Structure formats: C-alpha cells, structure tokens
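**Student:** When you get a sec, could you give me coordinates for this:
(chains A, B, C and D)
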Number of protein chains: 2
Amino acid sequence: MALDERARHLLKSLIEQHIANGIPVGSRQLAKGAGLKISPATVRNVMADLEDEGYLISPHTSAGRIPTHVGYRFFVDALLRVVPLSPQSHHLLVQRIGHHIPDTEQVLHAATEVLSELTHMAGFVRVPRRANRTLRHVDFLALREKEVLAIFVTDKGDVENRLIRTEHALSAAELHQAANFFNESYGGRPLQEVIQQLQRDLQQSRHEMDRILRSAMELGEEMLEEDQQRMLIEGEFQLLDLPELAGSERLRELLNAVRQKRDLVHLLDGSMRGSEVRLFIGEESGFAPLSDCSVVSAPYEVDGEVLGVLGVIGPMRMPYQQIIPLVDGTAHLLGRALSQS
Amino acid sequence: MALDERARHLLKSLIEQHIANGIPVGSRQLAKGAGLKISPATVRNVMADLEDEGYLISPHTSAGRIPTHVGYRFFVDALLRVVPLSPQSHHLLVQRIGHHIPDTEQVLHAATEVLSELTHMAGFVRVPRRANRTLRHVDFLALREKEVLAIFVTDKGDVENRLIRTEHALSAAELHQAANFFNESYGGRPLQEVIQQLQRDLQQSRHEMDRILRSAMELGEEMLEEDQQRMLIEGEFQLLDLPELAGSERLRELLNAVRQKRDLVHLLDGSMRGSEVRLFIGEESGFAPLSDCSVVSAPYEVDGEVLGVLGVIGPMRMPYQQIIPLVDGTAHLLGRALSQS
DNA sequence: ATTAGCACTCGAGATGGTTGAGTGCTAAAG
DNA sequence: CTTTAGCACTCAACCATCTCGAGTGCTAAT
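**Tutor:** Sure, this is the predicted structure:
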C-alpha cells in the first residue's frame, strides 16, 4: 500500500528529526516539527499506519517512534534530497587527496583518513585490484648463501618482495641471468597471465633455477591473493562513541568484524558493479555484526574501469544527505588522483 | 619500613587472590585463603599497615582492599615466583614463530599474534631498527614518462620503494647507469652512513640525475624515519573486555594511544637497554592513557645485539607469573627465528 | 601480640512512588 | 469520512527509602 503525500512528509520529518537528535520522536513533537497544521492525534494515526507498514517501530510503549531499516531505506530512496557537497568539504578533499601526491598507497591512505575525519565514522578504501596490472620488472638478489630475495614490480609501481631459500648457493651472475630471462619472457604482460604461463612452463622441470622461478610465481600468486583481502580502514574507534552501539557486546563483534575484513571485503566487492553510491542499511547487508550499522560505499574508477570501492561505516542513524555526496565526491577525486599516478 | 614475613605473605596472598578473581579482598577471605592460623581481626591490622605503606587501597569503606601499583611492583619484585613457561605454550610458540618462516615481516607478525592470543591481551612487537642495516641494492625503474620508481633493498631483505617525478624523461639506460653508480658508490654501507654521505655529495649539484639521487636519499631517510614509528599491534580489542577499563572514556583514550603508537614507541625504546623482561605497572609508565594498565616487555636480540622490543599490554591485574615467562620466551624465540633469516 | 566483640560505614539491590512523555481508543466536530 | 479533543493507560526514568551483607576500625579481654 502506497503512502500518501502527508504520510511521506511525516515520515521524512520524523527521520530527519531522529537523525538530528537521536531520540525517539513523539506525535506532539512531530506535529510541531513537520510544519503541518495537524493535531498530534492525527499524527498518531498516521504513525500507527507507518508502524503497520514496517517503517517505524516503538522502542517501548510510551517512547515515540524510531525508523526501522525499512524506513531508512524508503527515506533514502524516495524522500531524501541529497545536498551538494559543501565547498569547504570539497576543498578539503581536494587538498588531501588532490593530484599532487604521486604514491598510490599514500593517496589511498589519505582518502581513508579524510573519509573518517569528515564523517566522524569509520572510513574504508578497498585497494585497487592488481590482477590486471602488468609485470614491469623482476629482480633476484642474493642476500646471503642460499637466500634469494625476489622483487616484483608492476607497471603501477606496486612492489612486492619475498625471501626464497635455495638448495645451493647461486651466484650473482646466475641470478642476474634468471632475472633477465624472466623479464624478457614475462615482462609487460598481465600478472595473472604471467602466473598462468609460469604454471604451464614449470610443470615438469626440476632445475634449481626453476625452483626460484617457481617461488617467484608463488610470490606473484600471493600478490594476487593478498589483495583479495587488502582494505584500508581508519577511525574504527569513532564507532565507540555511538550511543546506539554502546552495548559493548555488539560493539566488540563489530570491531572484530571490521578488523577481520574478510566478510566486509566480500560484501563490498559485490557492490563494485555500477558506478553509483550504494547503501547497505542495517540488516540489508546480510552480515550480522553490521546489522545496527549502515555502510555507504561508492566505487572509484580510472579511465572508466572500476578499481575498487570506498566508503564509510556508521550507525543507521547518519546524515545520509551529507554522507552520500561526500562518499561520492571522494570516490571521484580518488579516481582522478589515481589516474595521474 | 620493611615488611615482616607475615605481612609479605599476606600481601602476596591478597594480590594473588585479587588477580585470580578481580574483586577486592576482605580480611575474612584473606585470613582463610592465606593458610595461616590467624584471625580476620589480625589480618585487618596488617592490612591497615599495608595500606599506610601504600601497597593497598580500599575502593570504599566496606569493600576489602585491592593492590595499588606500588603493591604490584613490590609483588613482582620481591614476592613473585615466576613459573616456567608451560610446555604447551612453549610448543605453541615454537610452532608459530619457529625457524621455518623465512620472511622477517611474517615472523614479526606471527609473534605479535601469538602474544595476543596466549595472553588474551594486546600484543605488540617493535620492529627491528633499520638504522644499521647496510644498503644491499638500489634500482631505478622508469615507470612512465617522467616517473621513476626507486627501490631500496637492505642486507636483511627490507624493501622500500618510492615514486619520483622528474622534470625530463629519462631513458632506461640513464637510469641503469645511475643505479649502477649508486650501487657501486654506496652499496654495502650502513644506511645511515649512505644518507649522510649523499647529503654531503649532493650539497651543491643541480643535475637532473642528481635530483633522482636526492629523491632516493629522501627515500632512505624516510625508511629510517618511518621505523621510528613502526610497531605491530594485535588484539587491542581484547582490552574492551576488561571490566576494570569498561568506563568507555578511558578506554577510548587507551585505544587511541595504542593506535597512535608514538608515545608507546618512545616508552618502549627506553627499555631497549638490558636484556631483561621489564614491567611498567600502572602510572609507572608516566603515560596517562596507560595508567590503568601494565606493560610487560622484553627486548629481543640477534647475535647479542638488541633489535627491538616486544610484549603485551593489559590490565594491572594480570597473571604476571605466567605473562612474564611468556613474553620472555617469545622474545628469545623471535631472536632465534630472526637470526636465521 | 592476638583475638573476640561490637558499632559503624557504605555499596548493591530491592521497593515503591512520582513524573512526564507518549500511546490507543472513542466520541464529537467538521 | 477525516480530523480532533479528551481520556485512561503504559512505561521508562528518576528519586527516595530501606534492607542486606560484607567489611572496617576500635576497644577490651585473652
């Protein structure tokens, strides 16, 4: 059953009031705040309807009402007018993640931080996937007897390294040669492809030098696997201040979940399609520790290709109309910043 | 004024009881628990003395007594018999940070984790200082027009990299030549020395290639500076469960302080001298957010040289007799593991 | 020096009353 | 048929009060 104009207006007003001060909204207050010439009794009737529809709930018999996640969902989908990003915020964003920082890792960090700072919630950035990076350079260094340091560099300047133990000591010349061979054979090709090729090439060989290549391949695999998990998070502790989560039991779970990242990453990777801001309100995420929280995320892209997702985690009761453009803007600026690095 | 035998015994018993169950200990219970043939009244007299001396304090008039940080200090210094590390724990430690992991970073992580797991508190490892590492290898790669990736490798296999923007495009050959020059001139020398030398060498020059070297030098400086701060921490959230810190206000501060690391690192670096386990009990650390906590730390060393510190952060009321050998043992095993990598 | 006895203190928890915000329902008014 | 006023009712929050039990400090007897 669709809501009529008045009900929508009241719902909107109620949610806005609740977002503003966090306490349940009663009929009298809502009647006043909504600006309609309507008595509290009428408002009560409407509220009862809204509760029947699942948009509102009463924490207890005489405590006014608060929105459910369904209510918030309707609010953001149908009632919310997103305000444009404030010039100050925009300025701050540009300043912090603007184009002058060359290092990818640093830009990502800056974005995470600024998200957390501006929202006073937890900010996150899912790091760019490296799967389709190409291999720029490989180096093998003899660190010590029977220890070789392998270094991988991608075209975007990601560097990853790993210590490999060998059976026999290998001379610098041999290693140099191996590296040359590696660079010539596999350089300039996508990482994923390199690994697959290596897997084929090394199928049966058992030479000592091939053991190095095999280890190198494993390093490459680790790089890919590792970034299944990689996500920057900042300001988790801001969540400690949220009165709605103060019951320490849930909070622990939430913080641990955020820390583990695994499920979170999974959730977010699901929202990489499309290039719009996306919201998970309360239980919508289907992820229990987040059921009291909302996640606002937006993918960021470079040259039309989505590289990752960023956003914030906060209470369901958050100022969506400001958070949404902020996350959106950050995603755009990050994409822009990365396109230059 | 020195404590007589009985007073010491009672103090020990009281602290042990309090550590075991966390509630203030009253005279009756203490008289029973201490195993002495002594009445609660007598115990009360002794307790009053101990309170006068500053070892105990009453949370309120009728609530038994709990140890002060002075009491704990006396306890660990004079009364505590450290039990040897349990075989199970030892086994677990060996398993987790034993010698089979080649990668330094991974070993350090494993140590941090296992500390946190076994103690149910926050575990930390201060990473080895790189100042006296020697420079093993430098590479300059042209990633793109006017962008050079500099890679530093130390003799221990630390790898650090940085993107450098240049004014003009530089050919692969030029960069190769620069790297060769760099490696020949500065390779094999301690990082610190390299930087100082570079500072002198680059004093007045303004060549484009020297700009690269200068940036490389800054990278080296960053490496040194960065590890002023580097510290691994795991399990901070376990601190959320401590009832004694449950007052969220302090807890926030504590978690933030742990996160910031700066002061913590400072505190710990002060305890790098000596090779013994060291305790900071409550306010002893002189660091306000830690004033309800104790820090148990031990330096770890390789070939007689102290590389860093590790330990745990927990409530003052922790089972020192087990924690101390655990931290100690972890430090030894970590040292051993690192000596082989 | 130790102990028993006793009055006293204080927090924790239960009890109960009051207040005020808010509700649902009903009946009257528009 | 919608809106509104009125009213009885509910319930959390607050407060005061009470009891309880654990624990103390002091004193006098052992």
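**Student:** What residues does the stretch 1-150 of chain A have near DNA strand D?
**Tutor:** Selection of the stretch 1-150 of chain A residues close to DNA strand D by CB under 7 Å from any atom of the strand yields A:6, A:37-39, A:41-42, A:45, A:60-63. Yep, even glycine has a C-beta here, placed from its N, CA and C like the rest.
**Student:** ditto for the stretch 151-300 of chain A
**Tutor:** So the stretch 151-300 of chain A never meets DNA strand D (CB under 7 Å from any atom of the strand).
**Student:** Looking at the nearest residue to A:V194 once chain neighbours are set aside now. What's its pLDDT?
**Tutor:** In space, and not counting its chain neighbours, A:V194 is closest to A:Y186: 4.5 Å by CB to CB, 6 or more residues apart in numbering or on different chains. If you check A:Y186, the pLDDT there is 87.
**Student:** Can you report how many residues lie near A:Y186?
**Tutor:** Around A:Y186 there are 23 other residues, counting by other CB atoms under 10 Å in any protein chain shown.
**Student:** Show me which of the residues of the stretch 1-150 of chain A next to DNA strand D are buried.
**Tutor:** By neighbour count, with 16 or more other CB atoms under 10 Å in any protein chain shown, these hold A:I38 as buried.
**Student:** now the strands for the stretch 1-150 of chain A?
**Tutor:** Listed in chain order, the strands of the stretch 1-150 of chain A (DSSP state E, counting those that start in this stretch) span A:56-57, A:66-67, A:122-126, A:135-144, A:147-154.
**Student:** Relative to A:G311, tell me which of these wins on proximity.
**Tutor:** Minimum separation from A:G311 across the strands of the stretch 1-150 of chain A (CB to CB) falls at strand A:122-126, 6.2 Å.
**Student:** Just the buried positions in the closest one, please.
**Tutor:** For strand A:122-126, by 16+ other CB under 10 Å, it's A:122-126.
**Student:** I'd like those as a markdown table, with pLDDT and distance to DNA strand C appended.
**Tutor:** Conversion of the buried residues of strand A:122-126 to a markdown table gives the following (pLDDT from 0 to 100; distance: CB to the nearest atom of the strand, whole Å):
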| residue | pLDDT | distance to DNA strand C |
| --- | --- | --- |
| A:A122 | 96 | 31 |
| A:G123 | 97 | 33 |
| A:F124 | 97 | 36 |
| A:V125 | 97 | 40 |
| A:R126 | 94 | 41 |
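**Student:** tell me which of these is nearest to chain B?
**Tutor:** Within these, proximity to chain B (CB to the nearest CB) peaks at A:A122, which comes in at 12.7 Å.
**Student:** The closest one pairs with what?
**Tutor:** Beta-bridge pairing of A:A122 under DSSP bridges involves A:I313.
**Student:** Identify the residues contacting it.
**Tutor:** A:116, A:233-236, A:238-239, A:258, A:312-314 (CB atoms under 8 Å, 6 or more residues apart in numbering or on different chains).
**Student:** Among the residues you listed, which are located in helices?
**Tutor:** Members of the contacts of A:A122 lying in helices (criterion: DSSP state H): A:116, A:258.
**Student:** Including neighbour count and pLDDT, could the contacts of A:A122 go into TSV?
**Tutor:** As requested, the contacts of A:A122 are arranged in TSV below (neighbours: other CB atoms under 10 Å in any protein chain shown; pLDDT from 0 to 100):
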residue	neighbour count	pLDDT
A:S116	21	97
A:I233	18	94
A:E234	21	93
A:G235	21	92
A:E236	21	89
A:Q238	19	88
A:L239	19	88
A:V258	21	89
A:V312	28	98
A:I313	29	97
A:G314	24	95
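**Student:** Turn the contacts of A:A122 into a markdown table, including distance to B:Q17.
**Tutor:** A markdown table is the format used below for those (distance: CB to CB, whole Å):
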| residue | distance to B:Q17 |
| --- | --- |
| A:S116 | 43 |
| A:I233 | 41 |
| A:E234 | 42 |
| A:G235 | 40 |
| A:E236 | 36 |
| A:Q238 | 39 |
| A:L239 | 36 |
| A:V258 | 37 |
| A:V312 | 47 |
| A:I313 | 42 |
| A:G314 | 44 |
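**Student:** measure the residue nearest to A:H90 when sequence neighbours are not counted to A:L310 for me?
**Tutor:** Ranked by CB to CB, 6+ apart and with sequence neighbours excluded, the top spatial neighbour of A:H90 is A:G329, at 6.3 Å. Distance of A:G329 to A:L310, given as CB to CB, to the nearest Å: 11 Å.
**Student:** can you check A:A169 too?
**Tutor:** Taking CB to CB, one finds A:A169 at 47 Å from A:L310.
**Student:** and what of A:A111?
**Tutor:** From A:A111 to A:L310 the distance is 6 Å (CB to CB).
**Student:** Test my guess that A:Q238 contacts A:L115.
**Tutor:** No - with contact defined as CB atoms under 8 Å, A:Q238 does not reach A:L115; the gap is 11.0 Å.
**Student:** circling back to that earlier point, which two in the residues of the stretch 1-150 of chain A next to DNA strand D are spaced the farthest apart?
**Tutor:** Maximum distance among these (CB to CB): 29.9 Å, for A:K37 and A:H60.
**Student:** Any part of the worst-scoring helix or strand of chain A on mean pLDDT near chain B?
**Tutor:** One helix or strand of chain A scores below all others by mean pLDDT, DSSP states H and E: helix A:208-229, with a mean of 78. No - if you take CB under 8 Å from any CB of the partner chain as the test, helix A:208-229 misses chain B, and the best it gets is 10.1 Å.
**Student:** Look up how far A:L115 lies from A:E234.
**Tutor:** 7 Å.
**Student:** With A:G235 instead?
**Tutor:** 8 Å.
**Student:** Find the residues that touch each one of these two.
**Tutor:** Common neighbours of A:G235 and A:L115 (CB under 8 Å, 6+ apart) are A:G123.
**Student:** What is the burial count for the residue nearest to A:V302 when sequence neighbours are not counted?
**Tutor:** Residue nearest to A:V302 in three dimensions, not counting chain neighbours: A:S339, with 4.4 Å by CB to CB, 6+ apart. Using other CB under 10 Å, A:S339 has 13 other residues around it.
**Student:** Could you point out which residue ranges in chain A have low pLDDT?
**Tutor:** A:1, A:99-101, A:204-206, A:208-209, A:243, A:245-248, A:341 (pLDDT under 70).
**Student:** residues from it in reach of chain B?
**Tutor:** Near chain B, when you scan chain A using CB under 8 Å from any CB, you find A:102-104, A:136-137, A:139, A:141, A:143, A:147, A:149, A:151, A:153, A:155-157, A:159, A:161-165, A:237, A:240-241, A:246, A:248, A:251-252, A:255-256, A:259, A:341.
**Student:** what residues does chain A put near DNA strand C?
**Tutor:** A:24-29, A:40-41, A:44, A:47-48, A:51, A:58, A:61-65.
**Student:** Quick one, which of the residues you listed are buried?
**Tutor:** Neighbour counting by 16+ other CB under 10 Å classes A:24-27, A:29, A:44, A:47, A:64-65 among the residues of chain A next to DNA strand C as buried.
**Student:** closest to B:D227 among those?
**Tutor:** For these, the nearest to B:D227 is A:P24 (51.1 Å; CB to CB).
**Student:** still on that earlier bit, what helices or strands is the helix or strand harbouring the residue nearest to A:H90 leaning on?
**Tutor:** Using DSSP states H and E, the element containing A:G329 is helix A:320-339. Here helix A:320-339 touches helix A:87-97, helix A:104-119, strand A:293-302, strand A:305-315, going by 3 or more CB pairs under 8 Å, 6 or more residues apart in numbering or on different chains; DSSP states H and E.
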